[in-house]
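Asker: Sequence first, then the predicted structure, then my questions.
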Amino acid sequence: MIKEKIKATYPDQFEEELLNEIDELGSLIEFKANDVMIDLNQFIKGMPILLSGAIKIMREDFDEGELLLYFLEKGDTCAMTMSCCLGDKQSKIRAVAETDGELVMIPVVKMDEWLARYASWRRFIFDSYHNRLDEMLVAIDNLAFNNMNERLKKYLLDVASINKGKVVMKTHQEIAYELNTSRVVISRLLKALEKEGFLQLNRNEITIHS
C-alpha cells in the first residue's frame, strides 16, 4: 500500500527497487490538525515524506516565543529533519500539523545507504534541500524587509492556499503566536485590511477577497 501511495505522489520519481524498500521499511502514519509531529530537542528516528495534508515548521526564538518558518505540503520533506537524521542531532524545530494528512516515515538508518545506492533518492534529497533553502530565504527576507502588515498578508494567503480556498480558520491569538507578535497588533492590522477590502472578518474565520 505504501508503494502505491508513493508512486501516486511521485509519479516516475523513484526506481522500482527503491520503491520496494520504502514499501517494506516505511511506516504509514495518519495525523490530525494540531498534532505535534516533531518537537524541540527531540532525537529524530525517521525522515517524513508527506503524502497529503500540510505541516508547519516552527522555530523557537530567544524569548521563548515561536516563529513560523515555512509549510510542508504534499510531496515535501523537511530539510531540518534530514539534517538531524544524518547528523544524529536533536531537533531545532517544532513541526505541527496544519491540516489532517498522511505521511511515510523512513528509518534514519537507511538515509546514507540510499544516498549511495539510488540516484533518484539523491536527486530527491538535494531538490528538497534546495526548495527548503529557498523557503528559508523567503522567510528571512520577510522578517528583514517586510513590515508586519505585509507579513500578515503573505501568511493569510499561504494558509488559505494550503486549505485550497479563501478562508483562514484561525483566531487572532493563533495568528499572533505564529507571527511572533501580540494579539492586539494582529487585531488592529486585520481591521485595517478589512477596511481596505482585502478580507472579511467573522468569528474565528477570515475570508480573503483578493
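Answerer: Perfect, thanks for sending it. On a predicted model such as this, the values are computed, not experimentally measured, just so you know. Numbering: from 1, shown residues only.
Asker: what does the domain assignment say about the protein?
Answerer: The record's domain parsing of the chain by the TED database lists 1-117, 147-208.
Asker: pull the longest helix from the protein.
Answerer: In the chain, taking DSSP state H as the definition, the longest helix is helix 119-145.
Asker: Name the next helix or strand downstream of it, please.
Answerer: Scanning forward in sequence from helix 119-145 by DSSP states H and E, the next helix or strand is helix 148-162.
Asker: packing partners for that following helix?
Answerer: Applying 3 or more C-beta pairs under 8 Å, 6 or more residues apart in numbering; DSSP states H and E, one finds that helix 148-162 contacts strand 66-72, helix 119-145, strand 167-168, helix 172-178, helix 183-196, strand 205-208. (Each C-beta comes from the backbone N, C-alpha and C, glycine too.)
Asker: Ok, which of these comes nearest I2?
Answerer: When the helices and strands packed on helix 148-162 are compared by C-beta to C-beta, helix 119-145 sits nearest I2, at 15.4 Å.
Asker: hey, which helix or strand in this structure has the poorest pLDDT?
Answerer: Ranked by mean pLDDT, DSSP states H and E, the helix or strand of the chain with the weakest confidence is helix 79-87, at a mean of 66.
Asker: What's the first helix or strand after that helix?
Answerer: The helix or strand immediately downstream of helix 79-87 is strand 93-97, counting by DSSP H and E.
Asker: re earlier: go through the helices and strands packed on helix 148-162 and pick out the most buried.
Answerer: strand 66-72 (a mean of 21; mean count of other C-beta atoms under 10 Å).
Asker: List the strands paired with that one, with their directions.
Answerer: Strand 66-72 has its sheet partners listed here by DSSP bridges as strand 55-60 (antiparallel).
Asker: hang on, the earlier thing: in CSV, list the helices and strands packed on helix 148-162 along with distance to L50 and mean pLDDT.
Answerer: Supplementary listing: the helices and strands packed on helix 148-162 in CSV, determined by distance: least, C-beta to C-beta, whole Å; pLDDT from 0 to 100:
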stretch, distance to L50, mean pLDDT
strand 66-72, 5, 84
helix 119-145, 11, 84
strand 167-168, 21, 93
helix 172-178, 19, 91
helix 183-196, 28, 92
strand 205-208, 24, 94
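Asker: Now do the contacts for K166.
Answerer: A160, T207, I208, H209 (C-beta atoms under 8 Å, 6 or more residues apart in numbering).
Asker: Tell me the one of these nearest L189?
Answerer: I208 (14.1 Å).
Asker: beta partners for that closest one?
Answerer: Beta-bridge partners for I208, by DSSP bridges, are L199.
Asker: just checking, it touches G197?
Answerer: No: I208 lies out of contact with G197 (C-beta atoms under 8 Å); the separation is 10.7 Å.
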